[in-house]
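Asker: need a structure here:
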Amino acid sequence: MKWFNNLMFLICIGMMFLYYPVQINAAETASIDNSFRQELNTKINNFFQEKQFVEAIEYLEALNAEKVAEENADSLYIEYYLMLTKTTYLDYLESEEDWENYYNSYQDLDIEIIETAEYLVSEYSVSGVIVDVQSLAWKAYMREEDKEAADGAFDALVDMVIAYTAEQGDIVKFKELADLVNSQAGYSQMNTLFAEYRDYLIETEADISSVDSLSEVARSYLETEDIDTAIIIYEHYMELLAEHYDTNESLEKLSMIADKFRHHGFSPAQDADFAETVYDYVQQKFGLEALSDMDMLARAYNLELNGQYERAFEEYKNFVKMFPDSQFIHEAYTRLGVISFYCLSKPEQGIAFFQKVLEDAGNSFNAPFCMYEMALFYQWNQEHDMARELYLQLSEGEGMFADLAAQRLAEIDEGDQMQSDLTSLFDLVLKEKTEDSTIIMELTAQPDRGIVGEEIILTGVAQDFSAGTVQPSFSYEWLRDTGTSGDPGNVTEFKTTYDTPGPKIVCFSAEVADSRAVIGKVIWIYELAVSMPETEEVKTGESVDFKAQISPPITEEDYLKWAWTLSGPEEVSGEGKEFSAVFAESGSYEGQLEISNGEIKAVKKFTFQVTE
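Answerer: The predicted structure is shown next:
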């Protein structure tokens, strides 16, 4: 592991220079020889690379004695590098596990670091280098495990960096300190740092750009997948919005924050719980009516995918009540029906919601699904006349549900039992009262919203702690629509695709001893299509409009990237849901549309002819 420690230490050296970049204000710079500073920086860096820390300390001490004698302002810079070298030397000994030299050195070096910091802070006004000096003193106190002194040093450091940030008019140094605190301390001190900065912005009635810079810092952590730190910062940023923006602007920014963390279906959530925290904050501060139709639907969907079915149910109900004319009303009613049936074991309630979808004859996407689910329940419940009526309506149409309805009608007409996997599913969900089972169930789909032909990973989890922490050996079964994979068998995870669009019910069952439980969820599969001019005649020299279509409409289109590639006698590419091209060369072309949200999610290929 020696090579690994060495590698990690070299990385730490680089980080040291990032965390402690030397910044001296204009007044100090005037009396410093910049060429000397650059040469010294190079020399110290060479010492570090060669791990010659003792030699570096001796060199800097001799150089500092010379500069002090000359009353040269470079002394501040040298003293800072002495502190940094001593700190880096201790870090090196720790990384090498050279505990003999570490324990023989650290207390003396820490005392020197702290005393030097106290002197420099008392003698010099706040500057970038003084902020770095104080941060090294804070680290020394932490190394000494002197909590009271470390807390005091940290509080002073926060005051310094805020003062320096105010003087400089940018947040660069503050961000550097945030990175240091994030690596050296914990949640409490990160929270303190940004709480103090938030209070400073409020007290000084800071301008909007200063407030938004906090959002930019949060976004930078989110981009590096440091979710916890991003959340800390966004929590403080949210409290500033109402003070600096009107209600509509505040709501827009809060919606954008929630969007960054919530479930999107086509991609996993960064932190679904925090997204709900944001939605709840909006409701508490501005009222439920402040949520737009898209925000309310997104909130319900986020709760559903987070396994909070009862809360999701309530939010979907709020949506259909407040936005009855939304283009997504049928999706909301369908989800209410699915949750009622397969999560809350309330079939009558589910049928009432499915019936709402059927009242609109023009809704061809969700209606067959809802009608089939109702008919299945009636058949299972021995209400054959009602089941037959619905199956007959479905069988008059085309596609998957027409075929399934014909199979169920044959069962009824011939007096056969309902297909066993369907019977067992309803028995589990509705008859055996699985809420009394000691088995805890979880079912996820990645993605939860997919495109026809796109691979989906289904994962089931079963746990039973009734007999202790050791888990029993479960038997697993997958029920209903498992897509092209067919029956995956006794597994907890498998991959599949779906050939047709529409809602797909998937259920996961686990059994051990005399206990059995099941959980179900709906996966939404969409159709991706490309439309061209109705004439389908493409002429050279004329602009041709291509348009991507996802059916039915989704709330996620703004979060998807659309990339077009047209190959033939010439190559043409573009981006966006709608794309225009002009062709100079005639001939046969192959088109490809990729939609993604970071990685390719679906590809649609098509061909067309360009004529003179």
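
Asker: Now do the strands in the stretch 351-500 of the chain.
Answerer: When assigned using DSSP state E, counting those that start in this stretch, the strands of the stretch 351-500 of the chain occupy the ranges 439-446, 449-451, 456-464, 475-480, 493-496.

Asker: Out of those, indicate the one that is most buried.
Answerer: For those, the largest average neighbour count (mean count of other Cβ atoms under 10 Å) is found in strand 449-451, namely a mean of 23. Heads up, the C-betas are built off the backbone N, CA and C, glycines and all.

Asker: Please tell me I have it right and Y200 contacts I162.
Answerer: Yes. Using Cβ atoms under 8 Å as the test, Y200 is close enough to I162 to be in contact (5.1 Å).

Asker: Name the residue in these two with the higher neighbour count.
Answerer: Under the criterion of other Cβ atoms under 10 Å, the comparison of Y200 against I162 puts I162 first, with 22 against 17.

Asker: need the contact list for that one.
Answerer: Taking Cβ atoms under 8 Å, 6 or more residues apart in numbering as the criterion, I162 is in contact with F174, E196, Y197, Y200.

Asker: Wait, a helix at the first one?
Answerer: It stands for F174. Yes. Counting by DSSP: H, G, I helix; E, B strand; the rest coil, one finds F174 located in a helix.

Asker: That one contacts T165, correct?
Answerer: Yes. Applying Cβ under 8 Å, one finds F174 in contact with T165, separated by 4.7 Å.

Asker: Return every residue with contacts to both of these two.
Answerer: Listed contacts common to F174 and T165 are Y197; contacts here mean Cβ under 8 Å, 6+ apart.

Asker: could you pull out the strands for the chain?
Answerer: Using DSSP state E, the strands assigned to the chain run over residues 439-446, 449-451, 456-464, 475-480, 493-496, 502-512, 515-531, 538-539, 543-551, 561-567, 572-575, 578-582, 587-596, 600-611.

Asker: what sits up against the third one?
Answerer: Read that as strand 456-464. 438-447, 450, 471-472, 474, 476, 478, 482-483, 492-498, 506, 508, 510, 512, 515, 517, 519, 523.

Asker: Let me see the contact set for Q168.
Answerer: Taking Cβ under 8 Å, 6+ apart as the definition, Q168 has no contacts.

Asker: which helix of the chain spans the most residues?
Answerer: Counting residues, the longest helix found in the chain (DSSP state H) is helix 99-123.

Asker: chain center to that one, what's the gap?
Answerer: Averaged C-alpha coordinates place helix 99-123 at 42 Å from its chain's average position (Cα atoms, centre = their mean, to the nearest Å).

Asker: With stretch 38-47 instead?
Answerer: Average the C-alpha atoms of stretch 38-47, do the same for its chain, and the two points are 41 Å apart (Cα atoms, centre = their mean).

Asker: Tell me how far the residue nearest to L60 when sequence neighbours are not counted lies from A56.
Answerer: In space, L60 comes closest to L82 once its chain neighbours are excluded; the distance is 4.7 Å by Cβ to Cβ, 6 or more residues apart in numbering. Using Cβ to Cβ, to the nearest Å, one gets 9 Å for the distance from L82 to A56.

Asker: quick one: contacts for the nearest residue to Y526 once chain neighbours are set aside?
Answerer: Leaving aside its sequence neighbours, Y526 sits nearest to I550 (Cβ to Cβ, 6+ apart; 5.1 Å). Contacts were defined as Cβ under 8 Å, 6+ apart; by that measure I550 touches I451, Y526, E527, L528, A529, E557, I595.

Asker: Can you check the pLDDT for the fourth one?
Answerer: Same thing as L528. At L528 the predicted local confidence, pLDDT, stands at 85.

Asker: Setting aside sequence neighbours, what's the nearest residue to the residue nearest in space to the middle of the chain?
Answerer: The residue lying closest to the centre of the chain (Cα atoms, centre = their mean) is Q270, at 2.0 Å. Spatial nearest neighbour of Q270, excluding adjacent residues (Cβ to Cβ, 6+ apart): F261 at 4.5 Å.

Asker: The one you found is in contact with S267, isn't it?
Answerer: No. Applying Cβ under 8 Å, one finds F261 not in contact with S267, separated by 11.5 Å.

Asker: okay, now G415: neighbour count?
Answerer: Residues within reach of G415, counting by other Cβ under 10 Å, total 7.

Asker: all helices of the stretch 251-400 of the chain, in order?
Answerer: 272-286, 293-305, 309-322, 329-342, 347-358, 367-380, 384-395, 400-413 (DSSP state H, counting those that start in this stretch).

Asker: would CSV of the ones you listed with mean pLDDT, mean neighbour count and distance to Y221 be doable?
Answerer: Conversion of the helices of the stretch 251-400 of the chain to CSV gives the following (pLDDT from 0 to 100; neighbours: other Cβ atoms under 10 Å; distance: least, Cβ to Cβ, whole Å):
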stretch, mean pLDDT, mean neighbour count, distance to Y221
helix 272-286, 95, 18, 13
helix 293-305, 93, 23, 21
helix 309-322, 96, 18, 28
helix 329-342, 91, 25, 33
helix 347-358, 93, 19, 41
helix 367-380, 94, 23, 41
helix 384-395, 94, 18, 51
helix 400-413, 92, 17, 45
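
Asker: could you redo those as TSV and give each row distance to S543?
Answerer: As requested, those are arranged in TSV below (distance: least, Cβ to Cβ, whole Å):
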stretch	distance to S543
helix 272-286	41
helix 293-305	32
helix 309-322	40
helix 329-342	35
helix 347-358	40
helix 367-380	38
helix 384-395	44
helix 400-413	39
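
Asker: Just list whatever residues bridge to S588.
Answerer: With beta bridges defined as DSSP bridges, S588 has these partners: Q609.

Asker: quick revisit: F261 and S267: which is more packed in?
Answerer: F261 (23 against 19).

Asker: Tell me, please, the helix or strand in the chain that averages the lowest pLDDT.
Answerer: With mean pLDDT, DSSP states H and E as the measure, the helix or strand of the chain carrying the lowest mean pLDDT is helix 26-29 (a mean of 37).

Asker: Give me the contact list for stretch 522-530.
Answerer: For stretch 522-530, the external contacting residues (Cβ under 8 Å, 6+ apart) are 265, 331, 334-335, 338, 342, 445, 448-452, 456, 498, 500-506, 546-552, 554, 591, 593, 595, 602, 604, 606.
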